[in-house]
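Enquirer: Sequence first, then the predicted structure:
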Amino acid sequence: MASGTGGGEASTWQPQEDGLREICGLLEQQMAPTSDDKSMIWQRLQHYSQFPDFNNYLAFILARAEGKSVEVRQAAGLLLKNNLRTALKTMPPSNQQYIKSELLPCMGVADRQIRSTAGTIISTFVQIGGVGGWPELLHALVKCLDSNDANHMEGAMDALSKLFQSTHTTLRKLSLGSVNQYIMLMPTVLYLSMDKYLQGLFVLANDPSPEVRKLVCAAFVQLIEVRSAVLEPHLRNVIEYMLLVNKDTDEEVALEACEFWSAYCEAELPPENLREFLPRLIPILLSNMAYADDDESLLEAEEDGSLPDRDQDLKPRFHSSRFHGSEDVEDEDDDIVNVWNLRKCSAAALDFLSNVFGDEILPTLMPIVQAKLSATGDEAWKDREAAVLALGAIGEGCINGLYPHLSEIVAFLIPLLDDKFPLIRSISCWTLSRFSKYIVQGISHKEGHDQFDKILMGLLRRILDDNKRVQEAACSAFATLEEEAAEELGPRLDIILQHLICAFGKYQRRNLRIVYDAIGTLADAVGGELNQPKYLEILMPPLIAKWQQLSNSDKDLFPLLECFTSIAQALGTGFSQFAQPVFQRCINIIQTQQLAKIDPVSAGAQYDKEFIVCSLDLLSGLAEGLGPGIESLVSQSSLRDLLLQCCMDDAYDVRQSAFALLGDLARVCPVHLHSRLPEFLDVAAKQLNTPKLKETVSVANNACWAIGELAIKVHKEMSPVVLTVVSCLVPILQRPEGLNKSLIENSAITLGRLAWVCPELVSPHMEHFMQPWCIALSMIRDDIEKEDAFRGLCAMVRANPSGALNSLVFMCKAIASWHEIRSEDLHNEVCQILHGYKQMLKNGAWEQCMSALEQPVKDRLLKYQVHGLVSENRTLFGTKSCSPQAWIAYGAVLCLLNFLPHSSLLQNIEAIYLKFKFTFWLPGPSGERC
């Protein structure tokens with residue numbers, strides 16, 4: 001048998017018609033149920049197998065013989081698979097290449113049987129020839145998975161699932177890894193092939209290769225995160241498997257398995273599925289929380305605190321740009337372990353379990369912890385350390401069960417601050433910090449007060465430890481305690497500052513950053529208490545010396561800038577004596593960096609946006625601390641023009657800090673922004689109208705807040721941009737999904753402020769946004785900014801009462817969201833608004849509106865003496881007895897009713913109202929109350 005080109009290159013090989021017809025005929029005869037001579041047919045096929053290109057014919061029939069039945073094509077494929085087992089190693093490379101080139105397109109054909117047969121042949125090909133014999137295969141299969149074509153995706157999944165069972169470790173690893181990367185995306189084909197995929201995972205669960213077992217664990221972890229329902233029928237088996245491999249001799253496999261418990265808890269799956277396994281799981285976690293003998297932290301822990309840090313010891317640091325509003329993210333605990341490992345992961349899992357199961361885990365956990373803490377001798381120090389870590393890990397989730405014993409637990413931990421092993425000292429710092437909130441709550445009684453002082457002094461001693469690791473843990477723990485203790489630190493400021501400044505002189509570069517943070521946190525905690533000469537004499541000279549020592553291009557300046565920001569805010573006007581050089585240096589740094597962005601040579605520095613961000617934030621701190629006192633510094637500087645440039649910077653974190661500073665300056669010295677006000681407003685509005693709003697939400701948040709601050713300062717000068725800004729704010733309120741809480745709150749407040757200063761411009765459009773706006777207002781806590789927003793609400797309603805009629809229920813709910821309107825005139829305005837609508841709505845319309853409100857809302861509206869809930873036996877004044885002043889006011893109004901025209905009447909009633917501050921019913925034309 002010969003091909004059209006004598007078996008030449010794969011790209012040009014073509015079958016001869018006669019040969020093709022003859023082979024297809026033999027395959028058809030072999031499958032015919034009436035065929036009596038199948039052995040002879042089989043012999044003829046085996047005879048053809050001796051020809052070099054016979055297997056090419058079989059590949060062609062499988063892939064291209066569309067005129068033939070699926071059964072014939074599938075038979076050709078299965079015969080090809082069997083032939084490869086004996087012929088592949090001696091097959092000419094050109095023939096191998098041709099067969100490969102025909103198999104890959106079969107992944108996307110419409111017929112599932114052809115796709116499946118091709119996948120079987122591919123698996124056989126790779127099992128015999130290895131991955132190296134077909135290096136482009138996995139890339140081609142992944143490309144099929146990436147396509148939007150269901151046939152290609154399903155064909156690739158089928159082939160990969162067969163590769164799972166390969167005898168080649170590398171192939172099993174690569175094929176499983178290729179599929180795993182699609183779990184988070186969960187394409188339809190993977191979901192539809194889930195049973196086959198899970199079957200492959202169970203086959204590989206006990207694979208001899210640790211790398212494959214690790215990938216199996218990773219698959220189960222990802223599945224529990226994104227599609228837990230598919231595991232539910234197999235959950236018991238999966239949990240049993242994870243318990244087993246959580247003790248795997250390969251730490252990376254055990255680490256991947258350990259991730260499962262945190263993922264399970266975060267997925268908020270039914271706790272009862274895991275509950276019965278806790279007595280077996282918790283001891284495993286505790287065992288894995290002990291330091292491994294080869295843990296790099298053991299070497300680091302022996303490092304002498306007097307040795308200078310190397311550049312590679314300095315972790316990258318990231319400054320968080322200034323943010324105005326309520327953050328949605330929670331602060332993470334300081335990482336007490338530098339590298340994510342089995343120990344850290346086990347502690348995190350225990351933390352999650354404690355938050356899900358609470359005190360239920362204590363009967364299993366505490367006997368093990370107590371046994372480990374009781375272990376004596378130097379060789380048992382790792383067990384003692386792990387027990388202390390466990391107490392810290394459950395400090396939040398099991399606090400109800402621990403609280404009655406907290407005094408004894410803390411009393412046990414305090415001596416460990418002075419343990420001979422540095423890692424026990426450091427973990428004791430962290431664990432004590434986890435109980436900071438409850439330790440501070442106990443200060444009110446003598447025992448708790450004394451214990452607080454012991455902890456405070458213990459942490460301060462450890463801040464001056466000679467071990468770098470302990471220094472770091474103590475500073476971080478102390479910062480946590482500072483946040484909770486706040487003003488309680490006031491009487492102890494002297495001793496605290498002395499220790500921190502002593503550490504300031506002792507620490508190397510890396511830990512020096514943590515001291516800056518502790519000082520900044522202290523300033524935030526005690527506020528103005530720090531503004532005393534005796535404290536400033538301790539604190540400021542070494543900080544200023546360091547400030548002068550560092551160049552404008554030294555990155556060690558970053559944490560110092562942050563520290564000064566907190567100090568400036570805490571000291572307020574007390575920072576004035578230090579303000580001028582600090583202010584000017586920030587200006588210089590921003591100028592230098594803006595030049596470095598264009599011409600580093602002329603600037604004499606490499607561009608680093610972090611210098612600009614930190615400088616902008618420090619200037620914000622100065623504005624907040626000095627208040628109007630910063631005006632003289634701003635007036636003599638180029639800050640306004642530099643700030644406008646920063647507001648237009650291409651780096652979002654620069655813009656975020658720039659708009660924060662714009663809002664802070666608007667509060668204290670808006671006059672210096674006037675000359676470029678239209679440009680500031682224009683660039684701020686653009687931040688709210690961008691297709692990338694979700695990616696730059698913090699920039700939009702600060703820009704929105706700054707616009708609101710400018711509005712209440714410049715009033716009618718906002719007119720040219722009011723409607724532009726409103727048109728940007730309304731979509732945010734109408735479609736808040738995926739946006740953070742703070743942007744929605746600031747949008748509602750800024751919209752209200754714009755309505756307050758320009759009601760005649762905003763009120764004609766109010767019916768388009770009243771409902772989502774009122775919903776957003778309902779979510780805002782009582783404060784001065786909410787008052788501003790409601791002043792805008794009242795101003796709009798006065799200008800266009802009918803604009804809010806369709807949203808009156810939502811407006812009432814927004815009003816009811818107040819615990820108390822502290823401003824008396826705003827309270828009265830709200831009363832007037834509600835009374836006005838009650839008068840406007842006749843024939844039961846008001847009562848119908850009120851009936852749509854929940855009872856708690858109605859109850860909260862009682863304070864405004866409206867909505868028909870006032871008892872019928874009350875007098876027209878709303879009470880049975882009235883003061884003489886009230887009767888005088890009432891008599892005056894009745895006189896006005898009789899003698900004045902309507903337009904004058906309203907003005908005079910308002911004057912009487914402002915004089916006597918009474919809200920009362922007047923008889924209407926038909927005797928009704930109005």
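Expert: Okay, I see it.

Enquirer: Please work out which residues outside the lengthiest helix in the chain touch it.
Expert: The helix spanning the most residues in the chain, taking DSSP state H as the definition, is helix 576-598. Contacts to helix 576-598, defined as Cβ atoms under 8 Å, 6 or more residues apart in numbering, come from residues 540, 544, 547, 552-553, 561, 564, 568, 602-609, 611-612, 615-616, 618-619, 622, 626, 629-630, 633, 637-639, 642, 645-646. All C-beta atoms are positioned from the backbone trio N, CA, C, and that covers glycine.

Enquirer: Compute the mean per-residue pLDDT across that helix, please.
Expert: On average, the pLDDT along helix 576-598 is 95.

Enquirer: buried residues in that helix?
Expert: 576, 578-579, 582-583, 585-587, 589-597 (16 or more other Cβ atoms under 10 Å).

Enquirer: and if you look at stretch 504-513?
Expert: Quick answer for stretch 504-513 (16+ other Cβ under 10 Å): 504, 506-508, 510-513.

Enquirer: Also stretch 81-90?
Expert: If you call a residue buried by 16+ other Cβ under 10 Å, then stretch 81-90 has these buried ones: 81, 83-84, 87-88.

Enquirer: For that stretch, list the C-alpha coordinates in PDB.
Expert: What follows is stretch 81-90, C-alpha atoms only, in PDB (Å, rounded to 0.1, in the frame of the first residue of the first chain):
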ATOM      1  CA  LYS A  81      -4.900   3.200  19.400                       C
ATOM      2  CA  ASN A  82      -4.000  -0.500  19.600                       C
ATOM      3  CA  ASN A  83      -1.400  -0.200  16.800                       C
ATOM      4  CA  LEU A  84       0.300   2.700  18.600                       C
ATOM      5  CA  ARG A  85       1.100   0.400  21.500                       C
ATOM      6  CA  THR A  86       3.500  -1.600  19.300                       C
ATOM      7  CA  ALA A  87       4.300   0.700  16.400                       C
ATOM      8  CA  LEU A  88       4.800   4.200  17.900                       C
ATOM      9  CA  LYS A  89       8.400   3.800  18.900                       C
ATOM     10  CA  THR A  90       9.500   2.700  15.400                       C
END
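
Enquirer: hmm, who's touching that stretch?
Expert: Contacts for stretch 81-90 (Cβ under 8 Å, 6+ apart): 49, 54-55, 58, 96, 117, 120-121, 124-125, 128-129.

Enquirer: Make a markdown table from those residues and add neighbour count to it.
Expert: As requested, those are exported to a markdown table (neighbours: other Cβ atoms under 10 Å):
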| residue | neighbour count |
| --- | --- |
| Ser49 | 15 |
| Phe54 | 23 |
| Asn55 | 23 |
| Leu58 | 29 |
| Gln96 | 20 |
| Thr117 | 24 |
| Thr120 | 18 |
| Ile121 | 25 |
| Thr124 | 19 |
| Phe125 | 21 |
| Ile128 | 16 |
| Gly129 | 17 |
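
Enquirer: Which of those residues fall in helices?
Expert: Among the contacts of stretch 81-90, the members falling in helices (DSSP H) are 54-55, 58, 96, 117, 120-121, 124-125, 128-129.

Enquirer: nearest to Ser802, of those?
Expert: If you rank those by distance to Ser802 using Cβ to Cβ, Thr117 comes first, at 72.9 Å.

Enquirer: The closest one and Ile61 touch, don't they?
Expert: No. Contact criterion Cβ atoms under 8 Å: Thr117 and Ile61 do not qualify, at 11.2 Å.

Enquirer: in the helix or strand that the longest helix of the chain is followed by, what's buried?
Expert: Per DSSP states H and E, the first helix or strand lying C-terminal to helix 576-598 is helix 600-603. Of all the residues in helix 600-603, those buried under the rule 16+ other Cβ under 10 Å are Ala603.

Enquirer: Ok, stretch 815-828 next?
Expert: Buried residues in stretch 815-828, counted by 16+ other Cβ under 10 Å: 815-818, 821, 826-828.

Enquirer: How far does it sit from its chain's centre?
Expert: In terms of Cα atoms, centre = their mean, to the nearest Å, the gap separating the centre of stretch 815-828 from the centre of its chain is 34 Å.

Enquirer: Endpoint to endpoint, that stretch covers what distance?
Expert: 12 Å (Cα to Cα, to the nearest Å).
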